[in-house]
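Peer 1: Here is the input, now give the coordinates:
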Amino acid sequence: FGHTLGTAEKHTLATLIYYPKEKMELVKMTEKEMDNWYKVTLYRLIEVCKTVSSKYTRSKVRKALPKDYAYVIEELITEKYEVLNKEAYYDAIVDTILEIGCAEKFIIAIAELIQRLVIDRLHILGDIYDRGPAPHFIMDTLCEYHSLDIQWGNHDVVWMGAGIGQMSCIATIIKNSLRYGNLDIIEDGYGINMLPLATFAMEVYNEDPCECFMIKGASGAHDPETLLAMKMQKAITIIQFKLEGQLIEQRPEFHMENRRLLHKINWEKGTVEIEGREYLMKDCNFPTVDPKNPYELTPQEAIVMKRIQSAFRNCEKLQKHIMLLLKKGSLYKVYNGNLLYHGCIPMTKEGEFKEVSIYGTKYKGKALYDALEAYVRKAFFSLEEEEQRKGQDILWYLWNAPESPLFGRDKMATFERYFLFDEEIKAEKKNEYYRLIQKPAIADKILKEFGLNGDKVHIINGHVPVHQKAGESPIKCDGKVIVIDGGFCRA
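Peer 2: Below is the predicted model of the structure:
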């Protein structure tokens, strides 16, 4: 529109395209001449639609047209060389739209068509789930989206693990949902009943104030609902530590023995030994932990987890969403000269790709991603029980293992954050990648590893928060790296 529209008018038109229904409701409150507004707006939208459709073949545009208005929109956005009085022809069409009372529906249809033509393909760089409200609504929207791909984040894979029944993953996402006050995602969003956990928590932790388990964002721990959520959070956290301890013992190849901490607690002194040092604990009231066999679930805990596992596996809506993540998702994507991934490529401090052992075989760089993704798919599709189980456990590994490309820190310090006073031990040291990715030579090395060369190739790196308010730019490394925090979350 150049100088034919002012900045405010352009912003208004853009808002209408983004949110046609909502914007029209606001307009109707103040606009007295709605027919005139409809007519002017339709002409402007038709001009935008002509421009955004011009880069595509007629066949592709035709496939994108909304069914109810396909013929009319095609007439309006296609040049008609055989029509002598074009202005009168288009005026007649627009007048008819107004006369039959279809202006609002037509504006919505053409705005949604513009959205679709402007965003031909959507790339989601991970972390749809956790912390923020209503990821199930986001997944519903993505299920209907015309063209997209997803690069899994660590929060996505832990939900994939939970969907297939991996116990440590299930305990993790329930803990996360309780911690951030988002249990309604599980209960309302997916219809999974948390009553077994609530009943168990009230029975075991009824007299326990559970002060270490404050809900993020909650104003206080006074109302009964918050108090119950704190007790449930403590109950599932202890179950999580037990299940993870069992898994780490079964999978020594994960190299996570330092995350088994329940047997390191000195119950008399109220301390825990971590990395050779003793730390005082805030809370040692673990009535379900047997010091002689600290990683064994009590019969009650086992029943609770079996019931919840069955609910996750049989939740039709969750399974539909997990299948979308599998069908449209991968650990990385090469597209239009861009390498897209979430997290990091594990590296040594010298700038070499770090060798990582996965079930006895060492991989690095692109080969590591390919091997891990193969195991993710085995979790869902392998006909061999052991391979399927290995795949399921890899989903938990990808969530929080130090050498996981999706995690990229030396530990998930959940235990330390809950129970220890010492701030230093809570720190999670990042992989060397995050320091090295600032260097153009390292970015070039990574791009080359994935088959990309030249001046017009980029890394699009999800997972990393950009502190924009502090002046940080998302464009790094002389423009070779673009960093986004793709998380759909308030936190």
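Peer 1: remind me which residues of the protein are low pLDDT?
Peer 2: Counting by pLDDT under 70, the ranges of the chain that qualify are 80-86, 131, 219-221, 486-491.
Peer 1: again, only this time at 80
Peer 2: Scanning the chain with the threshold set as pLDDT under 80 gives 79-87, 131-132, 217-222, 464-469, 485-491.
Peer 1: Can you pull the phi and psi angles for residue 452?
Peer 2: Dihedral angles phi and psi of residue 452 (degrees, to the nearest 10) take the values phi -110, psi 130.
Peer 1: whoops, residue 464 was the one
Peer 2: phi -100, psi 120.
Peer 1: what's near enough to touch residue 163?
Peer 2: 312, 313, 315, 318, 319, 321, 322 (CB atoms under 8 Å, 6 or more residues apart in numbering). (Glycine included, C-beta is placed from N, CA and C.)
Peer 1: Then residue 94?
Peer 2: Applying CB under 8 Å, 6+ apart to residue 94 gives the contacts 39, 42, 43, 76.
Peer 1: Just send those back as a markdown table, with neighbour count, secondary structure and distance to residue 380 too.
Peer 2: Below are those laid out as a markdown table (neighbours: other CB atoms under 10 Å; DSSP: H, G, I helix; E, B strand; the rest coil; distance: CB to CB, whole Å):
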| residue | neighbour count | secondary structure | distance to residue 380 |
| --- | --- | --- | --- |
| 39 | 17 | helix | 53 |
| 42 | 20 | helix | 48 |
| 43 | 13 | helix | 50 |
| 76 | 23 | helix | 46 |
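Peer 1: on that earlier part again, what two of the contacts of residue 163 have the greatest distance between them?
Peer 2: Taking CB to CB as the measure, these span a maximum distance of 13.6 Å, between 313 and 321.
Peer 1: picking that back up, ok, the contacts of residue 163 vs residue 12, which is closest?
Peer 2: Closest to residue 12 out of the contacts of residue 163 is residue 321 (35.4 Å), distances taken as CB to CB.
Peer 1: Dump whichever helix or strand the closest one is part of to PDB, keeping only the CA atoms.
Peer 2: Using DSSP states H and E, residue 321 maps to helix 316-328. Output in PDB follows, covering the C-alpha atoms of helix 316-328 (Å, rounded to 0.1, in the frame of the first residue of the first chain):
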ATOM      1  CA  GLU A 316      -7.400 -41.100  22.800                       C
ATOM      2  CA  LYS A 317      -6.700 -37.400  22.600                       C
ATOM      3  CA  LEU A 318      -3.100 -37.700  24.000                       C
ATOM      4  CA  GLN A 319      -2.400 -40.600  21.600                       C
ATOM      5  CA  LYS A 320      -3.600 -38.400  18.700                       C
ATOM      6  CA  HIS A 321      -1.300 -35.600  19.700                       C
ATOM      7  CA  ILE A 322       1.700 -37.900  20.300                       C
ATOM      8  CA  MET A 323       1.100 -39.400  16.800                       C
ATOM      9  CA  LEU A 324       1.300 -35.900  15.300                       C
ATOM     10  CA  LEU A 325       4.600 -35.300  17.100                       C
ATOM     11  CA  LEU A 326       5.900 -38.600  15.600                       C
ATOM     12  CA  LYS A 327       4.500 -38.000  12.100                       C
ATOM     13  CA  LYS A 328       5.600 -34.400  11.700                       C
END
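Peer 1: From the contact count, pick out the helices and strands touching that helix.
Peer 2: Judged by 3 or more CB pairs under 8 Å, 6 or more residues apart in numbering; DSSP states H and E, the packing partners of helix 316-328 are helix 135-143, strand 148-151, helix 154-163.
Peer 1: Could you say which one of the ones you listed comes nearest to residue 334?
Peer 2: Relative to residue 334, the nearest member of the helices and strands packed on helix 316-328 by CB to CB is strand 148-151, separated by 10.6 Å.
Peer 1: Who are the packing partners of the closest one?
Peer 2: Judged by 3+ CB pairs under 8 Å, 6+ apart, the packing partners of strand 148-151 are strand 122-124, helix 316-328, strand 329-330, strand 332-335, strand 338-342.
Peer 1: let's see 10 Å
Peer 2: Contact here means 3 or more CB pairs under 10 Å, 6 or more residues apart in numbering; DSSP states H and E; on that basis strand 148-151 packs against strand 122-124, helix 316-328, strand 329-330, strand 332-335, strand 338-342, strand 458-462.
Peer 1: so what's residue 110 up against?
Peer 2: Residues near residue 110 by CB atoms under 10 Å, 6 or more residues apart in numbering: 17, 20, 41-42, 45-46, 48-49, 65-66, 69, 72-73, 76-77.
Peer 1: can you check residue 266 too?
Peer 2: Under the criterion of CB under 10 Å, 6+ apart, the contact list for residue 266 reads 272, 273, 278, 281, 284, 291.
Peer 1: would you list every one of the strands in this structure?
Peer 2: Listed from the start of the chain, the chain has strands (DSSP state E) covering 122-124, 148-151, 265-266, 271-274, 277-280, 329-330, 332-335, 338-342, 356-358, 361-363, 458-462, 475-476, 481-483.
Peer 1: Serialize the ones you listed to CSV and add fields for distance to residue 135.
Peer 2: As requested, these are exported to CSV (distance: least, CB to CB, whole Å):
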stretch, distance to residue 135
strand 122-124, 11
strand 148-151, 12
strand 265-266, 35
strand 271-274, 33
strand 277-280, 35
strand 329-330, 14
strand 332-335, 21
strand 338-342, 15
strand 356-358, 28
strand 361-363, 31
strand 458-462, 16
strand 475-476, 28
strand 481-483, 22
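Peer 1: returning to what we had before: are any of the contacts of residue 163 buried, and if so which?
Peer 2: 312, 315, 318, 321, 322 (16 or more other CB atoms under 10 Å).
Peer 1: Check the contact between residue 341 and residue 446; I expect there is one.
Peer 2: Yes - A contact is recorded between residue 341 and residue 446 when judged using CB atoms under 10 Å, the distance being 9.4 Å.
Peer 1: any shared contact partners between the two?
Peer 2: With CB under 10 Å, 6+ apart, residue 341 and residue 446 have common neighbours 459, 461.
Peer 1: How about the contacts made by residue 483?
Peer 2: With CB under 10 Å, 6+ apart as the criterion, the residues that contact residue 483 are 125, 434, 437, 459-466, 472-477.
Peer 1: Give me the buried subset of the residues you listed.
Peer 2: Among the contacts of residue 483, those scoring as buried are 125, 434, 437, 459, 460, 461, 462, 463, 464, 476, 477 (criterion: 16+ other CB under 10 Å).
Peer 1: Which pair in those has the greatest spatial separation?
Peer 2: Of all pairs in the buried ones among the contacts of residue 483, the most separated under CB to CB is 125 and 477 at 17.0 Å.
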